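Trainee: Sequence and predicted model, in that order:
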Amino acid sequence: MAAAALREQLNALLSSMFSQGLVDEQFQQLQMLQDEGGTPGFVAEVVTLFCDDAERIIAEIATLLEQPIVNFDKVDAYVHQLKGSSASVGAQKVKFTCMQFRQLCQEKSRDGCLMALAVVRNDFYDLRNKFQTMLQLEQQILAYDPKQQ
Amino acid sequence: MMQGNIWAILDPQGLPESMTLVLRFQLQSPLTSSNLGGSFEQQYASPSCQIAGLKVLLIDDDDINLVIARKFLEKLGCVVSSLPSGSTSPNSVGASAASCQLVMVNLEMVRVNAFDVALRIRQSRSGRWPFVMAMTSEHNTWEKCAQSGINGVLKKPVILQELKDELVRILQST
């Protein structure tokens, strides 16, 4: 029955991610595709790609904001990229934070951008933790019953 | 007067190969499936068969987009291939595109001009195939797309139902 308890945990986690607005219908769509198509690992692949991508972009933005003269167009381009990936994956909160970040890029304010970067980083780390827990739970459930997808 | 535009696409000899007319119309609100009732399923039965088995080439440098688009297309029954990133030279694109029926291209690629790719495909094809569909997060790209011989446009992030609808529209349009 341990598998049932794990399932409950996973469902509770997913539920809270949706109700807190961390993820949206696009993420749900990806999950449904995985479940319907019997292709485990699809969501894990997409989520991992997104996390690696986001990590890299956040680091690039941080570097740009440290320069004596900030190239706000480049920062904006990176934020636009991150917004695109988060939308593709269904990472709603990060997507919205990126939209606000782009406004601050328009204003060309280094301090404003630094604050926005801190918020994006926080939101992303929070989401990444939850994704990691989700993937771990899925692995554990699969270990109990490999036929269950 | 009609707020439109007309142009010709020239073949390598400089002779007009095709003409395109673009007119702007006010969009009616789209009919939803609930309005159409029972006939909806019948209307869409045959185009779905056309989608199954369709050979699609994906050209994109965004890993996340690629994985998701491939998944959606495979869900619809398509056979999907993609170009390794960096190999979008005219010869490799032409060769890969020639053997498929639909090319999906990301307009916001970093090192590649998607409109050039679309034009090359358009110029090297004979007959009906392949169609070209663009994926973009910009608005108002329709005219520019049409000028490059692009047959359809999808907003990003790609959503399964919109992808299916646009595929059906393109396949029915000739």
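Mentor: Done, it's in. Residues are numbered from 1 along each chain as shown, chains lettered A, B, ... in the order given.
Trainee: Residue A:75 belongs to a strand?
Mentor: No: using DSSP: H, G, I helix; E, B strand; the rest coil, the secondary structure at residue A:75 is helix, not a strand.
Trainee: Now the strand or helix carrying residue B:72: buried residues?
Mentor: Element membership for residue B:72, per DSSP states H and E: helix B:63-75. Neighbour counts over helix B:63-75 (16 or more other Cβ atoms under 10 Å in any protein chain shown) mark B:63, B:64, B:65, B:66, B:67, B:68, B:69, B:70, B:71, B:72, B:73, B:75 as buried. Heads up, the C-betas are built off the backbone N, CA and C, glycines and all.
Trainee: Tell me which residues touch the closest residue to the fourth one other than its chain neighbours, please.
Mentor: Closest residue to residue B:66 apart from its sequence neighbours, by Cβ to Cβ, 6 or more residues apart in numbering or on different chains: residue B:60 at 5.0 Å. Residue B:60 makes contact with B:66, B:69, B:82, B:104, B:105, B:106, B:109, B:135, according to Cβ atoms under 8 Å, 6 or more residues apart in numbering or on different chains.
Trainee: From residue B:106, how far out is residue B:60?
Mentor: Distance from residue B:60 to residue B:106, counting by Cβ to Cβ, to the nearest Å: 4 Å.
Trainee: Reformat the buried residues of helix B:63-75 into CSV and put distance to residue A:49 and pLDDT next to each item.
Mentor: Formatted as CSV, these follow (distance: Cβ to Cβ, whole Å; pLDDT from 0 to 100):
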residue, distance to residue A:49, pLDDT
B:63, 5, 88
B:64, 5, 92
B:65, 10, 91
B:66, 9, 92
B:67, 6, 92
B:68, 9, 94
B:69, 13, 94
B:70, 12, 94
B:71, 12, 93
B:72, 16, 94
B:73, 17, 95
B:75, 18, 92
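Trainee: Quick check: neighbours shared by residue B:60 and residue B:106?
Mentor: Joint contacts of residue B:60 and residue B:106 (Cβ under 8 Å, 6+ apart) are residue B:135.
Trainee: got the contact list for the helix holding residue B:72?
Mentor: A:30, A:33, A:36-37, A:39, A:42, A:45-46, A:49-50, A:53, A:85, A:88-89, B:56, B:58, B:60, B:80, B:82, B:104, B:106, B:135, B:156-158, B:160, B:163.
Trainee: taking those residues one by one, which sit in helices?
Mentor: A:30, A:33, A:36-37, A:42, A:45-46, A:49-50, A:53, A:85, A:88-89, B:160, B:163 (DSSP state H).
Trainee: Lowest-confidence one in the residues you listed?
Mentor: Least confident by pLDDT among these: that is residue A:37, with 77.
Trainee: so who does that one touch?
Mentor: Residues touching residue A:37, when contacts are defined by Cβ under 8 Å, 6+ apart, comprise B:71, B:74, B:75.
Trainee: Of all residues in chain A, which one is nearest the centre?
Mentor: Centroid-nearest residue in chain A, with Cα atoms, centre = their mean: residue A:91, separated by 4.7 Å.
Trainee: how far off helix B:63-75 does the lowest-mean-pLDDT helix or strand in chain A point, in degrees?
Mentor: Lowest mean confidence among the helices and strands of chain A (mean pLDDT, DSSP states H and E): helix A:25-37, at a mean of 91. For helix A:25-37 against helix B:63-75, the angle by axes from the mean of the first three to the mean of the last three Cα atoms, to 10 degrees is 50 degrees.
Trainee: What is the burial count for residue 58?
Mentor: The chain I'm using is chain A. Residue neighbour count, defined by other Cβ atoms under 10 Å in any protein chain shown, stands at 18 for residue A:58.
Trainee: nope, chain B
Mentor: Neighbour count of residue B:58, defined by other Cβ under 10 Å: 21.
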